[in-house]
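1. Sequence and predicted model, in that order:
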Amino acid sequence: MPGEHLLHVTGKGHHKSALQKAIELVNGWLERWKKYTQDLHICGDRNSYCKTDHDATFMHMKEDHMRNGQLKPGYNVNVATSEEFIIGNYISADRNDVHTLVPFMEYLKQYPIKRVCVDAGYESEENYCYFEGNKSTKLYVKPSNHEQKKTKKYRTDISRRENMSYDAEKDAYTCAKGKLITYDFTKKSKSQSGFETETAVYSCKDCAGCPLKEKCIRACGSKKPLEERNKVIYVSKRFVRQREEMEQRINTDEGKLIRVNRSIQAEGVFAMTKEDMHFRRFMLRSAVKVEVEWTLLSLAYNVLKLHHKIQTGRLGTGLVVPKSFPAGL
């Protein structure tokens, strides 16, 4: 019968034609393509989202009762404090603190902020450059390798650039075996936010037969055998300069005092809200509602903090100065 092969059949006792099977297969591909496109649109710059709250991102939480690294939907809460009061909030779906500092500072432009102190999780070349362009605000951040540099393992690691001598005239490093690691080229790259970085690439041309090769060259997932590889160093000179300047800044008496107070004030906010106010999870969904919920909690926190400072006679006090610090700070 003409056109019989175009008949759409379903149910038991019916056999689908080859054309119907092909049409259903293509329709299935189209449905999946639409779903994948929608998922990518919801994710944006993220790599995950929660089906019940599209603004939330799956993250590793500090409270892991199952102890299996379970991922849970959540938000990255950033707070700005001054004299122990919350003066600003920034709710983000980004799991990394590095990308939240610049937009948070743009929001806080309404306040005359002279000094900003953040923890090591905010350190990046982009954030350093942002504060270099903002002369009115001074940044205090502990470099991510600050504590590692104090260990013997770090100081005796011959593979690290920091433990090699550098000749500025030749623009070359000297390894533990006395061989030169010379400049090759500069690699340019862009971050997700569009920030451009320049990385100088140095390499050694004479690593063959070196007895220290196993300690000097790391694996780093390379498929080449160790015998065929040479030492390569990637250096962002601007970032190296910024990190050295920051090390000097945070080790001054003022820098130490600022960092001590950051631990007291910023970490104290989360300690008080979690332990004293028993706020450990958001009750609402979507970024707008979560921001409103945290803002109301911040108002309650400031009222409690004001009452406590009045009762203890500390109203009007700013930084907490430990007894071990010099007078006048």
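-> Great, that's in hand.

2. Considering only helices and strands, which part of this structure has the lowest mean pLDDT?
-> helix 213-216 (a mean of 85; mean pLDDT, DSSP states H and E).

3. Compute the distance from the centre of that one to the centre of its chain.
-> The chain centroid and the centroid of helix 213-216 are separated by 30 Å under Cα atoms, centre = their mean, to the nearest Å.

4. Render the CA-only coordinates of it in CSV, please.
-> Taking C-alpha atoms only, helix 213-216 is exported to CSV below (Å, rounded to 0.1, in the frame of the first residue of the first chain):
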residue,chain,number,x,y,z
LYS,A,213,67.4,15.6,37.0
GLU,A,214,65.0,13.5,38.9
LYS,A,215,64.8,16.0,41.8
CYS,A,216,64.9,19.1,39.6
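
5. and that helix, which residues are buried?
-> Neighbour-count burial for helix 213-216, with 16 or more other Cβ atoms under 10 Å as criterion, is recorded at 213, 216. Just so you know, the C-beta spots here come from the backbone N, C-alpha and C atoms, and that holds for glycine as well.

6. Same question for stretch 175-194.
-> Neighbour-count burial for stretch 175-194 flags 175, 176, 179, 181 (criterion: 16+ other Cβ under 10 Å).

7. Run through this structure and note the low-pLDDT ranges.
-> Within the chain, the segments meeting pLDDT under 70 span 1-6, 219-222, 326-329.

8. Outline the domain layout of it.
-> Annotated domains of the chain cover 4-43, 72-144+252-311, 154-238 [automatic domain parsing].

9. got the end-to-end distance for the last one?
-> Using Cα to Cα, to the nearest Å, the end-to-end distance of domain 154-238 comes to 22 Å.

10. Now do that domain: distance to the chain's middle.
-> Relative to its parent chain, domain 154-238 has a centroid offset of 25 Å by Cα atoms, centre = their mean.

11. Pull the distance from stretch 128-148 to the chain's centre.
-> Distance, stretch centre to chain centre, for stretch 128-148: 14 Å (Cα atoms, centre = their mean).

12. Let's check: the centremost residue of this structure is which one?
-> Closest residue to the average C-alpha location of the chain: residue 96 at 3.1 Å, with Cα atoms, centre = their mean.

13. What's the separation between residue 12 and residue 20?
-> To residue 20, residue 12 is 16 Å away according to Cβ to Cβ, to the nearest Å.

14. Need the winner for burial among the domains of the chain.
-> Each of these was scored by mean neighbour count; the highest is domain 72-144+252-311, a mean of 16, by mean count of other Cβ atoms under 10 Å.

15. Touching, residue 95 and residue 73? I think so.
-> No - when contacts are counted by Cβ atoms under 8 Å, residue 95 is not listed as touching residue 73 (11.3 Å).

16. what's near enough to touch residue 91?
-> 75, 76, 77, 78, 287, 290, 291, 294 (Cβ atoms under 8 Å, 6 or more residues apart in numbering).

17. who touches the second one in this structure?
-> Taking Cβ under 8 Å, 6+ apart as the definition of contact, the neighbours of residue 76 are 59, 91, 92, 93, 94, 95, 97, 100.

18. Would you format those residues as TSV with distance to residue 148 and secondary structure included?
-> What follows is these, written out as TSV (distance: Cβ to Cβ, whole Å; DSSP: H, G, I helix; E, B strand; the rest coil):
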residue	distance to residue 148	secondary structure
59	25	strand
91	31	strand
92	27	strand
93	30	coil
94	25	coil
95	23	coil
97	19	helix
100	24	helix
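
19. Please name the residues that touch residue 139.
-> 116, 117, 118, 127, 128, 131, 246.

20. Recalculate using a threshold of 6 Å.
-> By Cβ atoms under 6 Å, 6 or more residues apart in numbering, the contact list for residue 139 reads 116, 131.

21. Quick check: bridge partners of it?
-> Residue 139 forms beta bridges with residue 116, as assigned by DSSP bridges.

22. Quickly note the distance from it to residue 118.
-> Going from residue 139 to residue 118 by Cβ to Cβ gives 8 Å.

23. surely residue 113 meets residue 140?
-> No - counting by Cβ atoms under 6 Å, residue 113 sits too far from residue 140 to count as a contact (12.0 Å).

24. Tell me the strands beside the helix or strand containing residue 86, with direction?
-> Secondary structure assignment for residue 86, by DSSP states H and E: strand 85-92. Its sheet considered, strand 85-92 pairs with strand 76-82 (antiparallel) by DSSP bridges.

25. thinking again about what came up before, in a markdown table: the buried residues of stretch 175-194, plus secondary structure and distance to residue 38.
-> Output for the buried residues of stretch 175-194, formatted as a markdown table (DSSP: H, G, I helix; E, B strand; the rest coil; distance: Cβ to Cβ, whole Å):
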| residue | secondary structure | distance to residue 38 |
| --- | --- | --- |
| 175 | coil | 52 |
| 176 | coil | 55 |
| 179 | coil | 55 |
| 181 | strand | 49 |
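
26. among those, which two are most distant?
-> Pairwise distances across these (Cβ to Cβ) peak at 11.0 Å, for the pair 176 and 181.

27. What ranges does the stretch 51-200 of the chain have for its strands?
-> Along the stretch 51-200 of the chain, counting by DSSP state E, counting those that start in this stretch, strands occupy 57-60, 71-74, 76-82, 85-92, 115-118, 138-141, 165-167, 172-174, 180-190, 196-204.
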